[in-house]
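1. Take a look and give me a structure for this.
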Amino acid sequence: VVVNSGGGGARRSLAEAGLDVRVIERPDRLFPGGARNLGIASTSAPWVSFLADDCEAEPGWVEARLAAHRAGAEAVASAVTNPDGRNVAAWTSYVSLFNRRMPGISPARALLYGASYARDLFSRFGNFREDLRTGEDTEFHQRLADRVPIVWEPRVRTAHRHPTDFRSLLSDHFRRGARSAATWREFGGPGALAVAANAIRRAPAAARSAWEAAEPKQRKWIAAAALLLPVPVLAYAAGSLSGGWASGRPGPPSPLVREA
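-> Got it, this is the predicted structure:
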């Protein structure tokens with residue numbers, strides 16, 4: 001099921017590409033939680049997963065999830081890969097944002113996102129919040145904490161498209177910093193200054209995590225990204241301090257919903 005909001009003609013585009021898939025169109029712009037909830041309501045299988053429109057499911061994405069769920073997992077988190085393996089800007093973005101979701105990260109250190117869920121969880125804990133511009137999965141996972149374990153499954157790999165030039169890299173990180181500060185404000189968490197300081201403080205650890213999780217052939221790219229990492233990290237910090245995520249701006253892209 002594809003959930004599309006805010007126009008753009010997804011139904012027509014998919015049909016022209018020869019893809020026979022059910023499309024739910026909403027003329028008003030939804031935040032991700034609203035799009036996720038529409039997908040949940042329109043499906044009926046025992047497990048449900050989500051794929052954002054800036055991502056691509058790698059081979060085995062469905063099979064590995066199903067295997068984990070059938071083995072008893074109620075929630076299954078996924079790894080993230082970099083599809084632009086010969087682009088230093090993309091590697092810098094990847095190291096900055098997903099160093100703890102690389103397939104080779106230690107399970108004890110993995111960040112548990114990109115999850116699929118047993119449908120029963122939404123009956124027990126409620127659906128995703130629809131008023132958050134980002135962080136709807138973080139908020140949902142807080143409801144699961146200490147009650148439902150989220151299983152790390154690195155065989156479930158999602159390729160995330162990254163900026164491939166440095167101007168786009170900086171603007172992307174600036175926007176992410178602004179969104180992060182706004183989300184933590186809604187959660188009653190740390191203020192913008194703390195978000196900015198944490199981003200800067202975490203940068204060396206991000207480079208180390210990426211180096212340790214990388215395959216040997218990737219390490220020259222990790223090294224190059226580590227040298228450039230301070231620049232987008234500072235852009236992220238500046239975004240968090242800017243208050244630039246003003247109300248009325250479009251929300252993040254709506255996710256696709258994959259039923260298994």
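2. show me where the stretch 1-150 of the chain has helices.
-> Here the stretch 1-150 of the chain has its helices, by DSSP state H, counting those that start in this stretch, at 10-16, 32-41, 61-70, 88-98, 120-125, 136-144.
3. The longest one packs against which elements?
-> For helix 88-98, the packing partners by 3 or more Cβ pairs under 8 Å, 6 or more residues apart in numbering; DSSP states H and E come out as helix 166-187, helix 192-213, helix 219-228, helix 230-242. C-beta coordinates here come from the backbone N, C-alpha and C atoms, glycine included.
4. Tell me how far that helix lies from the chain's centre.
-> 14 Å (Cα atoms, centre = their mean, to the nearest Å).
5. same thing with stretch 199-216?
-> Distance, centroid of stretch 199-216 to centroid of chain: 18 Å (Cα atoms, centre = their mean).
6. how about it: buried residues?
-> Residues Ala199, Ala203, Ala206, Ala207, Ser209, Ala210, Trp211, Ala213, Ala214 are the ones in stretch 199-216 that count as buried (16 or more other Cβ atoms under 10 Å).
7. number of nearby residues for the closest residue to the fourth one other than its chain neighbours?
-> So that's Ala207. Using Cβ to Cβ, 6 or more residues apart in numbering and skipping the chain neighbours, the partner closest in space to Ala207 is Ala226 (3.9 Å). Neighbour count for Ala226, taken as other Cβ atoms under 10 Å: 21.
8. and Ala226, what pLDDT?
-> Looking at Ala226, its pLDDT stands at 97.
9. any idea how far it is from Ala41?
-> With the distance defined as Cβ to Cβ, to the nearest Å, Ala226 ends up 44 Å from Ala41.
10. And for the helix or strand that Arg155 is a member of, what's in contact with it?
-> Secondary structure assignment for Arg155, by DSSP states H and E: strand 150-160. With contact meaning Cβ atoms under 8 Å, 6 or more residues apart in numbering, strand 150-160 is reached by 51, 54-58, 60-61, 64-65, 68, 73, 75-83, 94, 98, 103-105, 107, 110, 112, 114-116, 141, 144.
11. Give me the residue at the spatial middle of this protein.
-> With distances taken as Cα atoms, centre = their mean, the residue of the chain nearest its centroid is Gly114 (5.9 Å).
12. Could you pull up the residues touching that one?
-> Counting by Cβ under 8 Å, 6+ apart, Gly114 touches Ala77, Ser78, Ala79, Val80, Arg101, Val156, Thr158.
13. Try it again at 6 Å.
-> By Cβ atoms under 6 Å, 6 or more residues apart in numbering, the contact list for Gly114 reads Ala77, Ser78, Thr158.
14. Most neighbours among these, which one?
-> Ser78 (29 neighbours).
15. PyMOL command for the buried members of the contacts of strand 150-160?
-> Applying 16+ other Cβ under 10 Å to the contacts of strand 150-160 leaves a buried subset, and the PyMOL line that selects it is:
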select buried, resi 51+55+57+58+61+64+65+68+73+75+76+77+78+79+80+81+82+94+98+103+105+110+112+114+115+116+141+144
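16. Which ones among the contacts of strand 150-160 map onto strands?
-> Within these, residues falling in strands by DSSP state E are Leu51, Cys55, Glu56, Ala57, Ala75, Val76, Ala77, Ser78, Ala79, Val80, Thr81, Ser116.
17. Widest-spaced pair of those residues?
-> The largest separation in these, counting by Cβ to Cβ, is between Glu56 and Ala75 at 21.8 Å.
18. sorry, back to before: ok, of the helices of the stretch 1-150 of the chain, where does mean pLDDT dip lowest?
-> helix 10-16 (a mean of 92).
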